[in-house]
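Enquirer: The sequence and its predicted three-dimensional model are supplied below.
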Amino acid sequence: MPVPLLAPAPPAPMGSPVTHDVTIVTTRKLAQARVMGVPPEEFGIERGARSIRDCNYCFHEVVTKTEAQLIAEGFDAGQIRALRPHTGTTEIETLARDTVEEHLSATAGGASANTAARLVRITEHYVRMDFEGSGRPCLYQVITGGDQAEILRKDGKDCITPFDEMPFAATTPVPVTHRFFGRSIADLVMPLQREKTALKRGALDNLYLHNNPRVEVAEQNAGPNTLDDLLVSRPGGVVRTKTAGGLNWQVVPDITTSIYPMLQYIDAELEIRTGLGKQTQGIDANALQNQSATAVAQVFSASQMRIKLIARIMAEGVRDIFALLHGTIRKHGQREETVRLRNAWVEVNPRNWKTRDDMTINVGLGAGGKAQQFAQTMAIANVQKELLAGGKINLVGDQQLYNTAAELTRIMGHRNPDQFFNDPMAVNPQTGQLLNPPPSPPQPPPDPKLLALQARAQVDAAFAAHQAQLQQQKAQNDAIHLQVKTQGEIELAKIKAALDAKMTVLETHLKAAIDVGKVQRSYPPGARQARDGHHYLPDSDRPGKYLLVVHHG
């Protein structure tokens, strides 16, 4: 609730606004629905009722609230203080449950020192009646207190409140047909337990008589101390008689050989009635010898059938509890909450449940142990694998595959499957987009004929490109060859022209030199010029031979 805290302010001048420092504290209370167990001695129902939902009357005695708590809830203080304190010393169930004598301190004298803390018993009645006189009986809650069942007042009004349904759920391990009250496991085993107790007591008495048998004494052999000696039984004790050998010890027959088979028979009957056998508890080592694993598993499963049946029957009461919880939250839930569900934070708005017209609460039938659950889940995974391999992607999606992987992870003992696999439905809270979007779908396989045509076209295009590349290379080679040839011819022409020029100069110089030589040189007498331009002189030593005339320097 808002609590304003005002601080004193300095006096303000005339005409200026007055300001204050204010601190507002807001307290918000959060409510929650609870499930509480009710002891059988605090609950009652009409005779002949078959179920709580269809009965016309039931009640609950509330004995866990103190005087101060009831007054704080709004009950009339005078009525509550006039009620007698609750001690529970007159209830058989409470006394049987009290193993440390706690009820001795819960007396009226002890509670008188602090009356606000004393426990007070009030009774909540749920009855179908025509309270308003409209001819249509409805369900009402009536709260009374005291031995006279006086109707209490709350907030100035009588505690008579219309109710939607009975706020109780009940279950029993062994139901009785057409009856509300069934039988417990104790009802099934207590007669057999009494029989075992009687048999065991008889066997012990027989052993006691073996250890300390009775004695037959003749009156003429009994002395004044004989009976006193027989009354004191101790090992090595002395018994005084008048005549030696006057005592006759009775022989007690051994009956334990017939008691032990009976005890084994009763144990077998207990296993049949309760389903708890030596195999289920893992203490029968002889039953596991020379047996295959399959046979042991079959015996173990058969012995658990009774236990599973009881658990399945008890689960019906749990289903009623969840139905009541849903109705309570649906009626009183007004605020949107953020809760953690399956390792993800989700928004839950109970106001949307008011329009819910159809809801089914399923009770698990059980799926065996972890080994069996793992085998079953792997079988489902193999079926999904075969469907994917067969192209049936419309039957198995990413979410189904993730569910299988997450279930396998939970069976193996890991509570958070997101450590190993990505949830395909996970959404980024900021952008609203998927955190792990699926990959793009694969393209359908193309037509083989189209692939052949495309390959042919690619080959033709590659061949044409190769031919064009060859033609281009040939043209480049021809151009280079022509260019090299042209440059060679040019260079050759330049060299030839230079040589021709040099030859011309040389010939000119040679001709000039020859002309000069003709003028300056003289030949011996008798020398004649031949056709080759040289002069020859006849050899006097060799007739018919000629000597070449050579000029030196």
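Expert: Good, I have the coordinates. Numbering: from 1, shown residues only.

Enquirer: Counting neighbours, what do you get for Asp532?
Expert: The number of residues packed near Asp532 is 7, by other C-beta atoms under 10 Å. Every C-beta, even on glycine, is put in place using the N, C-alpha and C of the backbone.

Enquirer: element containing it?
Expert: Counting by DSSP states H and E, no helix or strand carries Asp532.

Enquirer: quick one: least confident helix or strand in this protein?
Expert: Least confident helix or strand, the chain: helix 108-111 with a mean of 46, by mean pLDDT, DSSP states H and E.

Enquirer: Can you give me the buried ones in the helix or strand just after that one?
Expert: Using DSSP H and E, the helix or strand that follows helix 108-111 in sequence is strand 122-129. Using 16 or more other C-beta atoms under 10 Å as the test for burial, strand 122-129 gives 122-123, 125-127.

Enquirer: Report the rounded mean pLDDT for whichever strand or helix holds Leu207.
Expert: Using DSSP H and E, the element containing Leu207 is helix 185-211. Here helix 185-211 scores 90 as its mean pLDDT.

Enquirer: gap between the helix or strand just after that helix and the chain center?
Expert: Remark: after helix 185-211, the chain's next helix or strand is strand 215-217, criterion DSSP H and E. Distance, stretch centre to chain centre, for strand 215-217: 77 Å (C-alpha atoms, centre = their mean, to the nearest Å).

Enquirer: what sits up against strand 215-217?
Expert: Contacts with strand 215-217, where a contact means C-beta atoms under 8 Å, 6 or more residues apart in numbering, come from 226-227, 230, 239, 241, 246-250.

Enquirer: What helices and strands are in contact with the helix or strand following that strand?
Expert: Next along the chain after strand 215-217, taking DSSP H and E as the criterion, comes helix 226-231. On a contact count with 3 or more C-beta pairs under 8 Å, 6 or more residues apart in numbering; DSSP states H and E, helix 226-231 meets strand 215-217.

Enquirer: quick one, helices of the stretch 201-350 of the chain?
Expert: For the stretch 201-350 of the chain, the helices defined by DSSP state H, counting those that start in this stretch occupy 226-231, 256-274, 278-281, 293-303, 305-332.

Enquirer: of all the ones you listed, which lies closest to Arg415?
Expert: Nearest of the helices of the stretch 201-350 of the chain to Arg415, taken as C-beta to C-beta: helix 305-332 at 22.1 Å.

Enquirer: Now do the same contact list for Val549.
Expert: Neighbour list for Val549: 523-524, 527, 534-537 [criterion: C-beta under 8 Å, 6+ apart].

Enquirer: try 7 Å
Expert: Val549 makes contact with 523-524, 527, 535-537 under the criterion C-beta atoms under 7 Å, 6 or more residues apart in numbering.

Enquirer: Show the pLDDT at the nearest residue to Arg356 once chain neighbours are set aside.
Expert: What sits nearest to Arg356 in space, not counting adjacent residues and going by C-beta to C-beta, 6 or more residues apart in numbering, is Arg330, at 7.2 Å. You'll see Arg330 listed with a pLDDT of 83.

Enquirer: go on, Arg47?
Expert: Arg47 is given a pLDDT of 90.

Enquirer: With Arg153 instead?
Expert: Predicted confidence (pLDDT) for Arg153: 93.

Enquirer: Counting neighbours, what do you get for it?
Expert: Neighbourhood size, Arg153 [other C-beta under 10 Å]: 16.

Enquirer: That's all I had, so thanks and see you.
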